[in-house]
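Asks: here is the input, now give the coordinates:
(chains A and B)
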There are 2 protein chains.
Amino acid sequence: MTNQQKSKKRMILNAFDMNCVGHQNPGMWSHPDDQTHRYKDLDYWTDLAKLLERGGFDCLFIADVLGFYDVYGGSRETALRTAAQAPVGDPAIPVSAMAAVTERLGFGVTKSLTYELPYSFAKTMTTLDHITKGRVAWNIVTSYQASAAQNLGLDDQIPHDERYNVADEFMEVCYKLWEGSWEDDAVVIDKENRVFTDPSKVHDIKHEGKYYKVPGAHLGQPSPQRTPFLFQAGTSKAGTAFAGKHAEAVFVIGTSPEELRPTVDKVRQAAAEAGRDPRSVKVIVMLTPVTAPTDEEAQAKLEDFYKYADTDAALTLFGGWTGVDLSSAPADQPLESMESNAIRAMMEMLTRVDSDVVWTKERLAKWLCIGGFSSSIVGSPTTIVDEMERWMEIADVDGFNLGRVIAPGTMEDFVELVVPELRRRGHVPQDPGADGAMTLRERITGDSRLPVEHVGAKLGAEVSGSLVR
Amino acid sequence: MTNQQKSKKRMILNAFDMNCVGHQNPGMWSHPDDQTHRYKDLDYWTDLAKLLERGGFDCLFIADVLGFYDVYGGSRETALRTAAQAPVGDPAIPVSAMAAVTERLGFGVTKSLTYELPYSFAKTMTTLDHITKGRVAWNIVTSYQASAAQNLGLDDQIPHDERYNVADEFMEVCYKLWEGSWEDDAVVIDKENRVFTDPSKVHDIKHEGKYYKVPGAHLGQPSPQRTPFLFQAGTSKAGTAFAGKHAEAVFVIGTSPEELRPTVDKVRQAAAEAGRDPRSVKVIVMLTPVTAPTDEEAQAKLEDFYKYADTDAALTLFGGWTGVDLSSAPADQPLESMESNAIRAMMEMLTRVDSDVVWTKERLAKWLCIGGFSSSIVGSPTTIVDEMERWMEIADVDGFNLGRVIAPGTMEDFVELVVPELRRRGHVPQDPGADGAMTLRERITGDSRLPVEHVGAKLGAEVSGSLVR
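Replies: Here you go, the predicted structure:
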């Protein structure tokens, strides 16, 4: 880092994507310039990875779902027709190809622990961390879709708070495997004495909990980060407590930096309550950028995007996220007149977005088409970076999860137009390769390993019988 | 294919590997030329993929285990010390990187269905098939290790035959998802009319069985092969019936082509009994090649390898495969004197390997170090190819799963020395790229899709309400 950069809070720059067509940009796949129908091709991903690395991004974050969005109209019909997160592919599969064409970009992989067994899951994540040389993050998800639960053997979803208890124990098992089971110097590769691993330095984790029983040792040798860098979304009460205990980066959304600030404070507070440095939890806000050389051109670009806004697509996602089916609501009915607690809660947010418009379902859909519930930032590079700095300062966030309107257009615009301005102001390194090979955690926190006060490091030390480090 | 090749039975050429150090070559990691400790590095896999593609291989087959080998001596100690399939990584993770550097090589991924949920598993395999453009195979495994079962939430293993019932239903769910849920023309990508997928062409599979309940539709759009090419190992009675019904290629081992022949006949018979063309099931025998320009040099190479044979390593694998712990047997005791049904059955095989030696555990271990229970073929390129032709003819196998003694040495030797001879005799295409982009199934069977008489195609047709094709 240059001195100029050291004087500033480091800005974390992630791209937010998904192995599918419509992500948080419902309807935009039909824009003539959009190429997301190529999501199933390898070069779609390797080109994206190269673009982001060139643009100094820290991480490509890939979301996931395990079911269809079928609340809107009571079926998956609109989800399929409008490609609203369906069809969808496994986020972990393209990672090794992207790792092969990059040197510093990180990869955030979403996996729902609800449908994983911790013992085999831990092995898969260790493999990813090895093959990326420590550039992998795990977005910890506990699943919320009934359509997923039904197809994956659960008669119904696990209640919300119970889900976090399961999640908490799942994490505990993983930490024991990743952090404690193999000591740093367990693998010796001594050809002369024919010792590959010193068995005395590999430990059973002896986990016997309420939900999981895992007596044995981890199958993988320690990877560069051991525990993948831990992302988490969700700001419910249980979710925030979970994040405070486990997450190293938390994704949030907000209608303005001012409105978001209390949420950010709560996340840091939760970390402090878990005995951690409140600033060690990075808070990342999702923003969806629309940029062009001038503010006027950016505004024209936004108006052009609006032509492809798809109400059905937007309300399909809305239904999945909120559980509210707006299919039978009249197009011009003000939402605030509807009898629904979810809608009333929603109206609080929408009024903050714009208190001057009448929020009908069509107006809502148009807003959702540019980045879902996230705020969008529209303007010239100067406007965009000014705005990003304002979010950093007022909301006290550490960085951004940038959504796509069209792909690869949105990220290409950002890298070509905005990144030079970010570099000029010292937010993004001038030379992406200058800081050399580094793990994702090291790049973001300065250390490849979990901090000693993190629950994962503590559990690891218990298993190995001493502090591993 | 050239006319010369058409006149011969096509020879299927696979490399057999594993995301670990010691595979079926216990102890050989300590050879000075061996580099398998690099199994966790990306370029280990991309270099291997490029080598195999250059050598005209059809497929890189990657094995897997989900537990330690802990029968020998009653602990995992020797498995760790000798790197006997431990540590081990997930076989699916390196695939996309290898796909990015190759155009025709297939990738056989081992996954145990015992620890997968069919709905999410089907999504992962569809993703792999998309990203490789139809070059993925699945090696169907039902797990056999107690050490895996204990750590993955099963109190004990599922009994052998019951395992195949579970497996059969797991396959049924997958076929319905892969073959029947989405019609060929479901995805239309009609930007003008804003229809990505025609919802009327996506079907619920409505599966309600004894072990699985999966009412919904597949999350992935049809991939080039839909069902990955299906590999299976195992020649127990239940295993053979399962293979006859499901497998498109079956892995076998044998001490000689003559001895193997009845097994091959049984596999083809099982396919016929399942209403399939008996020749549509490809039988692949594992062989471990040791080659050099002359027979004498090859023999010297073998003697050199023997110096690194590791009895503990070999008997660790032996214990895992047979359940017999030879740790307390005296080194010079003839195995035939031991009171064990498993050993008595084993002696039948060992006597066929060599009836002139006294089979002690040390002699057994030396034999196991070159390719486990597989036969090895040692000699000049001419000798090796003569021998391969003999296996093809007498055992009636369709091809080979070539094991490694050291890596990448064994495959390098094979590609440099043996492949030119295979090309000269028309067994391997002269120009690996000449037959262009093709799916793995098309390359092996001439068609990218399951044959209509395969149970998978039939179940697919039932779900879609008509023959999909």
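
Asks: mind listing what whichever residue of the stretch 351-469 of chain A sits closest to chain B touches?
Replies: Minimum separation of the stretch 351-469 of chain A from chain B (Cβ to the nearest Cβ) falls at A:Ile406, amounting to 11.8 Å. Bear in mind the C-beta positions are built from the backbone N, C-alpha and C, glycine included. A:Ile406 sits next to A:25, A:28, A:31, A:33-36, A:305 when contact means Cβ atoms under 8 Å, 6 or more residues apart in numbering or on different chains.

Asks: what do you get for A:Gly436?
Replies: Counted by Cβ under 8 Å, 6+ apart, A:Gly436 has zero contacts.

Asks: per-residue pLDDT, it?
Replies: At A:Gly436, the pLDDT value in this model is 70.

Asks: so in chain A, which strand runs the longest?
Replies: strand A:282-291 (DSSP state E).

Asks: now find how far off-centre that one is within its chain.
Replies: Distance of strand A:282-291 from the chain centroid (Cα atoms, centre = their mean, to the nearest Å) equals 11 Å.

Asks: what does stretch A:163-183 give?
Replies: Relative to its chain's centre, stretch A:163-183 lies at 20 Å (Cα atoms, centre = their mean).

Asks: report how many residues lie close to A:Glu339.
Replies: 6 (other Cβ atoms under 10 Å in any protein chain shown).

Asks: A:Val195 and A:Arg344: what is the separation?
Replies: 66 Å (Cβ to Cβ, to the nearest Å).

Asks: no, scratch that, I was asking about A:Ser96
Replies: 46 Å.

Asks: which SSE is immediately downstream of the helix or strand bottoming out on mean pLDDT in chain A?
Replies: Taking mean pLDDT, DSSP states H and E as the measure, chain A has helix A:3-6 as its least confident helix or strand, at a mean of 41. Next along the chain after helix A:3-6, taking DSSP states H and E as the criterion, comes strand A:12-18.

Asks: tell me if the helix or strand just after that following strand is near chain B.
Replies: Once strand A:12-18 ends, the next helix or strand along the chain (criterion: DSSP H and E) is helix A:42-54. Yes - Helix A:42-54 reaches chain B (Cβ under 8 Å from any Cβ of the partner chain) through A:42, A:45-46.

Asks: let me see the mean pLDDT of helix A:42-54.
Replies: For helix A:42-54, the per-residue pLDDT averages 97.

Asks: got the residues of the stretch 301-450 of chain A near chain B?
Replies: Close to chain B, as judged by Cβ under 8 Å from any Cβ, the stretch 301-450 of chain A has residues A:Asp310.

Asks: measure the residue in the stretch 301-450 of chain A that chain B sits nearest to to B:Ser280 for me?
Replies: Closest contact between the stretch 301-450 of chain A and chain B, by Cβ to the nearest Cβ, is at A:Asp310 (6.2 Å). Using Cβ to Cβ, A:Asp310 is found at 45 Å from B:Ser280.

Asks: okay, those two: which has more neighbours?
Replies: Comparing A:Asp310 with B:Ser280 by other Cβ under 10 Å, the one with more neighbours is A:Asp310, at 25 against 17.

Asks: touching, the more buried one and A:Lys366? I think so.
Replies: No - using Cβ atoms under 8 Å, A:Asp310 makes no contact with A:Lys366, being 9.7 Å away.

Asks: and the nearest residue to the residue of the stretch 351-469 of chain A closest to chain B once chain neighbours are set aside, how far is that from A:Ser96?
Replies: Once flanking residues are discounted, A:Ile406 sits nearest to A:Asp34: 4.1 Å by Cβ to Cβ, 6 or more residues apart in numbering or on different chains. According to Cβ to Cβ, A:Asp34 stands 26 Å off from A:Ser96.

Asks: can you check A:Arg404 too?
Replies: From A:Arg404 to A:Ser96 the distance is 22 Å (Cβ to Cβ).

Asks: isn't A:Met125 right up against A:Pro228?
Replies: Yes - the criterion here is Cβ under 8 Å, and A:Met125 meets it with A:Pro228 at 5.2 Å.

Asks: identify the contacts common to the two.
Replies: By Cβ under 8 Å, 6+ apart, the residues touching both A:Met125 and A:Pro228 are A:136, A:138.

Asks: from the contacts of A:Ile406, which two are the most distant?
Replies: For the contacts of A:Ile406, the maximum inter-member distance is 15.1 Å, found between A:Gln35 and A:Phe305 (Cβ to Cβ).

Asks: buried subset of the contacts of A:Ile406?
Replies: Buried residues within those, counting neighbours by 16 or more other Cβ atoms under 10 Å in any protein chain shown: A:25, A:28, A:31, A:34-36, A:305.

Asks: picking up where we left off before, more neighbours: which of A:Met125 and A:Pro228?
Replies: More neighbours surround A:Pro228 than the other of A:Met125 and A:Pro228, with 31 against 27 (other Cβ under 10 Å).

Asks: what separation do you get for the residue nearest to the more buried one when sequence neighbours are not counted and chain B?
Replies: Distances taken as Cβ to Cβ, 6+ apart put A:Trp138 closest to A:Pro228, at 4.3 Å, once the chain neighbours are dropped. The spacing between A:Trp138 and chain B, counted by Cβ to the nearest Cβ, to the nearest Å, is 14 Å.

Asks: show the contacting residues for A:Trp138.
Replies: Contacts for A:Trp138 were tallied using Cβ under 8 Å, 6+ apart; they are A:108-111, A:125, A:228-231.

Asks: among these, which ones are in helices?
Replies: Mapping the contacts of A:Trp138 onto helices (DSSP state H) picks out A:Met125.

Asks: the contacts of A:Trp138, buried ones only, as a PyMOL selection?
Replies: A single PyMOL command selects the buried members of the contacts of A:Trp138 (16+ other Cβ under 10 Å):
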select buried, chain A and resi 108+109+110+111+125+228+229+230+231
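
Asks: wait, is A:Val378 part of a strand?
Replies: Yes - checked against DSSP: H, G, I helix; E, B strand; the rest coil, A:Val378 lies within a strand.

Asks: now it. Nearest residue, chain neighbours left out?
Replies: The shortest distance from A:Val378 to any non-neighbouring residue, by Cβ to Cβ, 6+ apart, is to A:Val290 (4.5 Å).

Asks: I figured that neighbour hits A:Ser380, correct?
Replies: No - contact criterion Cβ under 8 Å: A:Val290 and A:Ser380 do not qualify, at 10.7 Å.

Asks: who touches both of the two?
Replies: Joint contacts of A:Val290 and A:Ser380 (Cβ under 8 Å, 6+ apart) are A:Ala298.

Asks: which one's more surrounded, those two?
Replies: More neighbours surround A:Val290 than the other of A:Val290 and A:Ser380, with 25 against 19 (other Cβ under 10 Å).

Asks: so what's that one up against?
Replies: Taking Cβ under 8 Å, 6+ apart, we find A:Val290 in contact with A:298, A:301-302, A:305, A:370, A:376-379, A:405, A:410.

Asks: tell me the SS of the residue of the stretch 351-469 of chain A closest to chain B?
Replies: Three-state call for A:Ile406 (three-state DSSP): coil.

Asks: before we move on, the earlier item: got the contact list for the closest residue to the residue of the stretch 301-450 of chain A closest to chain B other than its chain neighbours?
Replies: Setting aside the residues directly before and after it, A:Asp310 is nearest to A:Gly27 in space (Cβ to Cβ, 6+ apart), at 2.7 Å. Residues near A:Gly27 by Cβ under 8 Å, 6+ apart: A:82, A:308-310, A:313-314, A:369, B:194.

Asks: measure the residue nearest to A:Ile406 to A:Asp304 for me?
Replies: 12 Å.

Asks: please apply the same query to A:Arg424.
Replies: Counting by Cβ to Cβ - A:Arg424 and A:Asp304 are separated by 28 Å.

Asks: that's all I had, so thanks and see you.
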